[in-house]
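> Fold the following and give me the result.
(2 chains)
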Amino acid sequence: MNTILHFVKKEFLQFKRDPKMFIIILFAPIVQLVFLGYAANMDVENVKTAIIDRNRTTESRLLIEKLEQSGYFSIEYYINDYKEAEKLIEKGKVICVLSFPVDFDTKLSRGESAQLQAIFDGSDGNTASIAAGYMIKLVAEHSQKIVLTARDKSGKALLIPATISAETRNWYNPTLKTRNFMVPAIVGLLLMIVTLILTSLAIVKEKEIGTMEQLIVTPIKPHQLIIGKLIPFTILGMVSVVVVLTAMRVIFNIPVRGSILLLFVSSFFYVLSLLGFGLFISTISKTQQQAMMLSIFVVMLPMTFLSGFSFPIENMPYFIQMVSYLIPLKYFIVIIRGIILKGVGIGILWDEILILFLMGITILYFSSKNFQKKIN
Amino acid sequence: MSIKRINAIIIKEFKQLLRDKRYLFVLFFFPVFLLGMFGYAVNFDVKNIKLAVMDNDNSKESREFIKTLISSEYFILSGYIEKDSDIKPMLDNQDVQLILVVPQNFSTELAKNNGKPSLQFLVDGVNGNTALIINNYITSAAMNFNAKIQTGFAEKAGITSLSPINFQPRFWFNPSLETTKYLIPGLIAMILIVTAVVSVSLSLVREKERGTIEQIKVSSVNTIEMLLGKAVPYVCIAMLNGILVLIAGMLLFNLEIQGSYLLLLLTTSIFLLAGIILGIFVSVVADSQQVAFTIAVFLSFLPSFILSGFVFPIDSMPPIIQIITNITPAKFFVAASRSIILKGAGVSAIYDQLMYLILYTLFFLILAVLISIKKEKEL
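Numbers count the residues shown, from 1 in each chain, chains lettered A, B, ... in the order given. Now for the predicted structure:
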């Protein structure tokens, strides 16, 4: 026990010697959280739109006004033909071009069906499909209004078929803002980066500098060395948990609906599993350069893409879904989103929390085992 | 500046790189491997939405509506619910993403003149983007159902149509609205820039840490010569990597390049050059490998993922953040390569992006040289 304490002291002394590192580790996550938190937004608003209005009557203008007032579309250009439309879309100046035919108002007044055409830049399939959805809905509303005014004007008691209305209620996030969904996950990403940067070099650095030999000749045992390395990093990791979670609460004003204690406990398990990955990389690498590349390619990138952070796991092919079970961030994201956005508790999240805990313990066991073998 | 001295540095650097076979393997294997794996993972397509139904009406009409819902490729019926109290746990547990509640009076209201039967949909809104698309599907399902009723009704009444506006949306470049092809260029950008920045940022720092930099300094090589000599081998590696990744992208994901291959290659080279220079800048600023690694990750990893327009549209960001997006060269590459690959755009459509990239490269090159000269004087 005493040996471990001395070792922990040595580690802290080393931190103190490199204040630049300390500042970066403490403040970079906050700065990044601010930038990325505001940037991570998939809401589709103010879709840049160009209008080809061959009709130029009150009828066409009424619909254009309706689109603009909805807040979903911002009319940037009035153009004359499709050639111009093509140029604007190709340059990315507009995403949508709406075209009114010459006979738009006459057809409407005669009670016939008027053709209305819209072109969307489909290259961003997500934005295009959401924007088209908005437009379909707005045009349908407008269409319904025209029918009703026509009926009122005619004064006849026309028979009108029933129309079903879909009342949608979006639970947990009624405004469907994506920011609240993304920011907690960014917290998970930042914690991953900070802990990996700290730990992946922890042992290989001593190897490269040559101080590892000195450690091996001391009476310290391999598992004591791992624990001694682990304690300071866990403390730093938890400090960064507190800092980042506070920043999230204060800057983005995202309330935590569930238990804060549970949030910290699961963050602790998450950090533990990351420390395990970091130390494992550090024991198998020969140089710091190798360790950094491994932590980027084997841990950081897979965690980012396969954790469900931005790409839903349900959409992935079966094999890749299997791989995602090995990703601690996947479980942490479910937990942090569950606690913060849904306010659910341990009754529902117990399996994710347990898996994180087991993952942490297992990988730490293996890295200390691996380290032991290397020494002998 | 002497070509001969730069050459000497280049040869030395190459020899050092070739000595570490394991590192080289990592450098070439992982970018292609990860592109292959992630390429299948990156998409926002919303399909197979798990749906539970609570049918309080249980009539012919309600069953017909449910049938039209699940016959589309978007919804999968995962079960029926009997009581209200089952709704919350199902959504809490993420067993389903959507619950449809049919009210008791659905069929009677549907039969009335100008009746307004309503259907209740409860959506898991946690992922706002997916939920929004689900909302859109629901709206169009309801509208299609209405249109069917109306045509039947109109036929009986002897009128042709009741819908005054016939709205036809069309989608250019990508009619099926698949998201994978749009995301692959961003994925390529991220993998390439992280590899380039991290690999090069360590090269100079390592010499500082080991003390071999003094040996170079006492020789006749000056700062600019050394920085250029250091950059060249990494540019070669990055270019090779870039070509491999582009080929892999084309083969694995049937990425048909609509525009010119040459233009794409040129854009990629300028982008990689920018990445290398950014790496050089990091290695000038940092004094230890750990600090270099940290700065490199914070400069290249998350910005190229979140600020580049790869995942989150830049137009949706607040104005200040839109300015900050210029910190990552990936932003320009993503915009330019998407135009070339998906829209077949030529030089005229993307030259401004290329100019930005060149300016970006020059800016960081000058900054790196200035800082390194200043640091030398301090010694």
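
> only C-alpha atoms for contact and neighbour calcs from this point on.
OK.

> Point me to the residue of the stretch 251-376 of chain A nearest chain B.
A:Met316 (5.0 Å; CA to the nearest CA).

> Quick one: residues contacting the residue lying closest to that residue once chain neighbours are set aside.
Once flanking residues are discounted, A:Met316 sits nearest to B:Ala41: 5.0 Å by CA to CA, 6 or more residues apart in numbering or on different chains. Contact partners of B:Ala41, counting by CA atoms under 8 Å, 6 or more residues apart in numbering or on different chains, are A:305-306, A:311, A:313, A:315-317, A:320.

> returning to that earlier point: distance-wise, check the residue of the stretch 251-376 of chain A closest to chain B relative to B:Phe33.
17 Å (CA to CA, to the nearest Å).

> Neighbour count for these two, which is higher?
Ranked by neighbour count (other CA atoms under 10 Å in any protein chain shown), A:Met316 and B:Phe33 place A:Met316 first, with 22 against 14.

> Hmm, B:Tyr40 and that one touching each other?
Yes - applying CA atoms under 8 Å as the test, A:Met316 and B:Tyr40 come out as touching, 6.5 Å apart.

> re earlier: find the pair from the contacts of B:Ala41 with maximum spatial separation.
Greatest spatial distance among the contacts of B:Ala41 (CA to CA): A:Phe305 and A:Pro317, at 13.4 Å.

> Just the pLDDT for the closest residue to B:Phe305 other than its chain neighbours.
Distances taken as CA to CA, 6+ apart put B:Met190 closest to B:Phe305, at 6.4 Å, once the chain neighbours are dropped. Looking at B:Met190, its pLDDT reads 90.

> And for B:Met190, the neighbour number?
Neighbours of B:Met190 under the rule other CA under 10 Å: 28.

> List the contacts of it.
Going by CA under 8 Å, 6+ apart, B:Met190 touches B:301, B:304-305, B:330.

> which of the residues you listed tops the neighbour count?
B:Ala330 (32 neighbours).

> Can you report phi and psi for B:Phe28?
In terms of degrees, to the nearest 10, the main-chain angles of B:Phe28 are phi -100, psi -30.

> Do I have it right that it meets B:Gly242?
No - contact criterion CA under 8 Å: B:Phe28 and B:Gly242 do not qualify, at 9.9 Å.

> ok, now which ones touch A:Ala247?
A:30, A:33.

> hey, where'd the strands end up in the stretch 51-200 of chain B?
B:75-80, B:98-102, B:118-124, B:165-172 (DSSP state E, counting those that start in this stretch).

> Need the residues that contact the third one.
In this structure, residues lying in contact with strand B:118-124 by CA under 8 Å, 6+ apart are A:164-172, B:91, B:97-103, B:106, B:131, B:134-135.

> Check the second one too.
Under the contact criterion CA under 8 Å, 6+ apart, strand B:98-102 has outside partners B:49-57, B:62, B:87, B:91, B:118-124.

> Kindly provide the distance from the residue nearest to B:Gly309 when sequence neighbours are not counted to B:Tyr40.
Excluding the flanking residues, the one nearest B:Gly309 by CA to CA, 6+ apart is B:Lys331, at 6.2 Å. Distance of B:Lys331 to B:Tyr40, given as CA to CA: 22 Å.
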